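Colleague: here's my sequence, what's the structure:
(chains A and B)
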Amino acid sequence: MKKTILILSAIFVASFSFAQMPDKFVKAMESKVAEIDTTHTAQGFTDLANAFERIADAEKNQWLAYYYAAYCNASAGSLIGTGGDMMTSKADKTDPYADKADKQIGKAEELMKNNSEIYVVKKMIATLRLLGDPMNRYMTYGPEAQAMLDEAKKLNAENPRVYILEAQDKYFTPEQFGGNKEEAKVLFEKAQKLFETFKPETSIHPNWGRSQVAYLLSLYK
Amino acid sequence: MRPTIQILVFILLICVSDLLSAQTTIAGKVTDKKNLLIGVSITLKDTYDGATSDSSGKFSFKTSEKGEFILTATSVGYRPFEQTIKLEGKGTLTIDIVLKEEVTELSAVVLSAGTFEASDKKRAAAVLTPIDIVTTASANGDVTGALKTLPGAQQVGEQEGLFVRGGTAEETKIFIDGTLVNNFFHSSSPNIASYGRFSPFLFKGTVFSTGGYSALYGQALSSALILESIDLPDRTSASLGVSIIGVNGGYQSLSKNKKSSWGGAYSYTNLAPAFAIIKQKQDYSQVPVFHDGDVNFRIKTSATGMLKYYGYFSKSRLDYTVNSIDSLGYLDRFGVSNFNTFHNLSWKEKLGKRWKMYAGISYTLNQDDIISGMQDANKNDVVLDTLKLKTFDLDLTSNYFNGKLIFERRLKGISVIRFGGEYNFSDERSGYTIYNGQKFDGRLKATIKSVFTESDIYLTNALAAKIGGRVEQSSLIDKTNIAPRFSLAYKLSKQAQASLAYGIFYQTPESRYLPSASAANLVFMKATHYIAQYMKVTSVRTFRAEIFYKKYDNLIKTGLVGGRDMAINNNGFGDAKGFELFWRDKKTIKNVDYWISYSYLDTKRDFLNFPYATNPNFAANHTASVVVKKFVQPWKMQFNGAYNYASGRPYYNIRFDGSKYYFADMGKVQDYHNFSVAFNYLPSIGKENAKNFVVYVLSISNAFGIKQVYGYQYSYNGSRKEQIVPPSRVFVYIGAFFSFGIDRSQQTVDRLF
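Modeller: A predicted model of the protein is given here:
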């Protein structure tokens, strides 16, 4: 009996969440969202970003489409901006992605306020700006990235993606600049633990990051 | 049960196949005529369908929509493409898309002839950021010190200011947020260069024009240094610094909504401890003491508007003697106490879709009390009969007001037109008391009114022109001028560009030579600039080569009138020509950023009391700088080194024989070399969420103690000459800086020196 109620209520919640989403939208999103965890190249993320943007622009009132478009653009930009040294400015290459992502996450936020996931992407964008020209930007975008992360955590301390970003910062920052692989490991493990109980609201709500955590934790072995 | 499912599957299959048969394939390739374009987003408007062009510029997608639709293609840097297509639910539609380049600020050619521009956004690698300035070893934390490592500026060490391309320091004007700054430097002492009053961290953008600058600025024959102050700080913070030359503290508060901020800072500089260790040529009865304070507020007036106020107060004094060159056993005494206050209020706002407005006013009050005289060996003031004119007291009080208003209207694309006006008012009073108590008072009030217009026209991303003009009216000489300005830039490749600039620049004769003798009908001094530049900029390297020719006309000539040099006519003239090279590289050597600059200058002029046209004493033929910065991450140490070179400058003894000036003596000083090093230790760098930040600094100027000679000075009767050298050969600076509440090294590096 208990089980039935649980299932029923789950179905109810799910159908409520889906209520404002047209079927066609959910189907299109599902197929694209599924691609996220298997995409590892800038070109791949650009393709996905464009696909989400098409859906977003056609629907105009679905924050998730804008959210994913921004997330994919930020990911594409980050892949392009990674590597090279501190002195080098790559802003001319990375800023166009940050600009696009900025616009899209802004639209997402207009439709969905005070959402932890949106702040996660905002944090990614701030980090992407920083990556573009570390020497000249770390005083501006370093604190901004931190502020976005703090806000994301404040809105939902159980969001595993918050800890993935925090862990990645720790993992990829050189030790002299405050990086610490052991501390990163603790955070990755925390994210992994949160994923065990994390249930996305619907099949197309943010649920990415599992494979990243698994991959990065595998590097410790 | 079973058959039902089979039927359902069957129906489903029919539906699917029906769907499949009703699809249209849209395929093609995207180019910009010349090249294939990758990553272009192709969309069937208002549907989910579309694709992204692949690495060969091709795209293909299927759609089950039918009817008329708009196909769009978008890519950063290109104008959006739209085409109406008709979908019939079958077959393949082949559409080859040609995108047109969009003229954008990021991709367009830069109107760069004559200028070094550094701003937070654009081409950051090209020039100097605040960090670059404080970490340039030879700059000693001074804005102009760092600019002297760029081509075009001279290594003049006996006097403050920027001597650009054969011009005097007075031919360079400095602007903060658009308005003229009248006392950029602390009060000067004979043969000692004083420092700039303003911290490099006040500015986010620097444009150093060594010629051919914009019509928005005027009254500078050679050069304009255009500084743009920072907007809102990143967060609330406090800072504290302790060094061998003084202490300082500051506080900046950012409002909760991040729309406004206020702050203030105070610094006390006392050179007694430093001078106790580092022996000075001068014997100070009052070591230099400075009290500098500033206050500021900044308010975001709208999404794009910003109102900024900066107020500065300073009090300083010094008094010293040196062995007199005129009379053995006696001392020359010089003392100056100064009060200065500077206030700058600026407002920029977007007015509607196409219009922008910039408004700024500034006010300066500067008071100098200068004492000159002689002392005997026991430091008693004396007046020697033959040298009695060396004893005097000079009180100077100056008031300056500057206002500027500019409107900008956006034209097609990123082309703009600007126009506006400028008003400069000065009221300079002098009280000159000579040895016997006799007093001479002077007062000079003047206004300069200007109007200007300028248009940046971007014809394509590759070709742009700036055309402008300026009209100035000077009350002092009661004349009006018209100064045209023109520059052109052409993009040769993605990273390389060529530019040309031409312009006429006027300047009112300096007030210190006025009022003119015998009501001479003075006119504006005039310089005509011709500049050609080649520049190649990538994100990590900059190469810039420039050749220039500058012609001077109507420079003022002076004569001795009542023991004073006074303007007598505009018969002076001159020219300057040369070439300059600049190379900056942040990539080749890991974690090393270096730049090299070289300037060749050939200049002659006849001005002031020069008997005839010759190479002036402030212009070296060859000037070069090498600046190196290396950050060693494991040690959290930054090593900065700089080497500055200038070939020997000429020196002259100009004397008056009762009817005319002549060169009684002349020669060339030895070449100038300066090696400076600085070490910054940043132990807290990278500590996560470090609320406090600390920087330790050790810097050594002229580390090898190489003898530097700037020129010669002559005794009153011309029989003796003496080298003009720096107050000490080597200077060592040690300091520690803390900032609280933020993780931001810059704030603490602030006011390093």
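
Colleague: how about the helices in chain A?
Modeller: In chain A, the segments counted as helices under DSSP state H are A:2-19, A:23-36, A:42-59, A:63-81, A:91-111, A:116-132, A:134-155, A:160-172, A:181-197, A:210-218.

Colleague: just name the most buried of the ones you listed.
Modeller: helix A:63-81 (a mean of 27; mean count of other C-beta atoms under 10 Å in any protein chain shown). All C-beta spots, glycine's among them, are computed from the backbone N, C-alpha and C.

Colleague: need the helices of chain A in TSV (columns: mean pLDDT and distance to B:T168).
Modeller: Supplementary listing: those in TSV, determined by pLDDT from 0 to 100; distance: least, C-beta to C-beta, whole Å:
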stretch	mean pLDDT	distance to B:T168
helix A:2-19	52	75
helix A:23-36	90	65
helix A:42-59	92	54
helix A:63-81	93	47
helix A:91-111	91	39
helix A:116-132	93	41
helix A:134-155	85	34
helix A:160-172	90	53
helix A:181-197	92	59
helix A:210-218	88	62
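
Colleague: of these, which is nearest B:L44?
Modeller: When these are compared by C-beta to C-beta, helix A:42-59 sits nearest B:L44, at 8.0 Å.

Colleague: got a list of contacts for that closest one?
Modeller: A:22, A:25, A:28-29, A:32, A:35-36, A:39, A:62, A:65-66, A:68-70, A:72-73, A:75-77, A:79-80, A:100, A:104, A:107, B:38-39, B:41, B:43-52, B:54-55 (C-beta atoms under 8 Å, 6 or more residues apart in numbering or on different chains).

Colleague: what does stretch B:457-469 give?
Modeller: B:101-104, B:107-109, B:111, B:214-216, B:411, B:413-415, B:452-456, B:482-491.

Colleague: around chain A, pick out the residues from the stretch 1-150 of chain B.
Modeller: With C-beta under 8 Å from any C-beta of the partner chain as the criterion, the stretch 1-150 of chain B meets chain A at residues B:38-39, B:41, B:43-52, B:54-55, B:76-77, B:106, B:120, B:124-125, B:129, B:131.

Colleague: let's see which of the residues you listed end up in strands.
Modeller: B:41, B:43-44, B:50-52 (DSSP state E).

Colleague: widest-spaced pair of those residues?
Modeller: B:L44 and B:T52 (13.3 Å).

Colleague: can you get me a residue count around whichever residue of the stretch 401-550 of chain B sits closest to chain A?
Modeller: Of all residues in the stretch 401-550 of chain B, B:S539 sits closest to chain A, with a separation of 4.2 Å (C-beta to the nearest C-beta). Using other C-beta atoms under 10 Å in any protein chain shown, B:S539 has 22 neighbouring residues.

Colleague: got phi/psi on it?
Modeller: Phi and psi for B:S539, reported as degrees, to the nearest 10, are phi -70, psi -20.

Colleague: what's the answer for B:G28, then?
Modeller: phi 170, psi -170.

Colleague: what number of residues lie near it?
Modeller: Counted with other C-beta under 10 Å, B:G28 comes out at 20.

Colleague: any idea what it is bridged to?
Modeller: Judged by DSSP bridges, the bridge partners of B:G28 are B:F59.

Colleague: that one and B:T92: what is the separation?
Modeller: 10 Å (C-beta to C-beta, to the nearest Å).

Colleague: interface residues of chain A facing chain B?
Modeller: A:24, A:28, A:43, A:46-47, A:50-51, A:53-55, A:57-58, A:85-92, A:95-96, A:99-100, A:133, A:135-136, A:139-140, A:142-144, A:146, A:173-174, A:176-179.

Colleague: about what we covered before: for the helices of chain A, give me a markdown table that also has distance to B:L601.
Modeller: Formatted as a markdown table, those follow (distance: least, C-beta to C-beta, whole Å):
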| stretch | distance to B:L601 |
| --- | --- |
| helix A:2-19 | 74 |
| helix A:23-36 | 60 |
| helix A:42-59 | 48 |
| helix A:63-81 | 42 |
| helix A:91-111 | 34 |
| helix A:116-132 | 38 |
| helix A:134-155 | 32 |
| helix A:160-172 | 49 |
| helix A:181-197 | 55 |
| helix A:210-218 | 58 |
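
Colleague: phi first, then psi, for the residue of the stretch 301-450 of chain B found nearest chain A.
Modeller: Scanning the stretch 301-450 of chain B for proximity to chain A using C-beta to the nearest C-beta identifies B:A303 as nearest, at 12.8 Å. Note on B:A303: its backbone torsions stand at phi -60, psi -30 [degrees, to the nearest 10].

Colleague: which strands or helices does the helix or strand containing B:D294 pack on?
Modeller: Take DSSP states H and E as the rule and B:D294 turns out to sit in strand B:283-300. Counting contacts by 3 or more C-beta pairs under 8 Å, 6 or more residues apart in numbering or on different chains; DSSP states H and E, strand B:283-300 packs against strand B:260-270, helix B:272-277, strand B:306-323, strand B:331-351.

Colleague: pLDDT on it, on average?
Modeller: Mean pLDDT, strand B:283-300: 95.

Colleague: ok, B:S659 to B:N717 distance?
Modeller: Distance from B:S659 to B:N717, by C-beta to C-beta: 19 Å.

Colleague: quick revisit: pLDDT and distance to B:R317 for the ones in strands among the residues of the stretch 1-150 of chain B next to chain A - can I get that in JSON lines?
Modeller: Converted to JSON lines, those look like this (pLDDT from 0 to 100; distance: C-beta to C-beta, whole Å):
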{"residue": "B:S41", "pLDDT": "91", "distance to B:R317": "67"}
{"residue": "B:T43", "pLDDT": "92", "distance to B:R317": "71"}
{"residue": "B:L44", "pLDDT": "90", "distance to B:R317": "77"}
{"residue": "B:G50", "pLDDT": "91", "distance to B:R317": "73"}
{"residue": "B:A51", "pLDDT": "92", "distance to B:R317": "74"}
{"residue": "B:T52", "pLDDT": "91", "distance to B:R317": "69"}
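
Colleague: B:T25 is in contact with B:L93, correct?
Modeller: Yes - between B:L93 and B:T25 a contact is recorded at 7.0 Å, counting by C-beta atoms under 8 Å.

Colleague: before we move on, what SS does B:P727 have?
Modeller: Under DSSP: H, G, I helix; E, B strand; the rest coil, the three-state class of B:P727 is coil.
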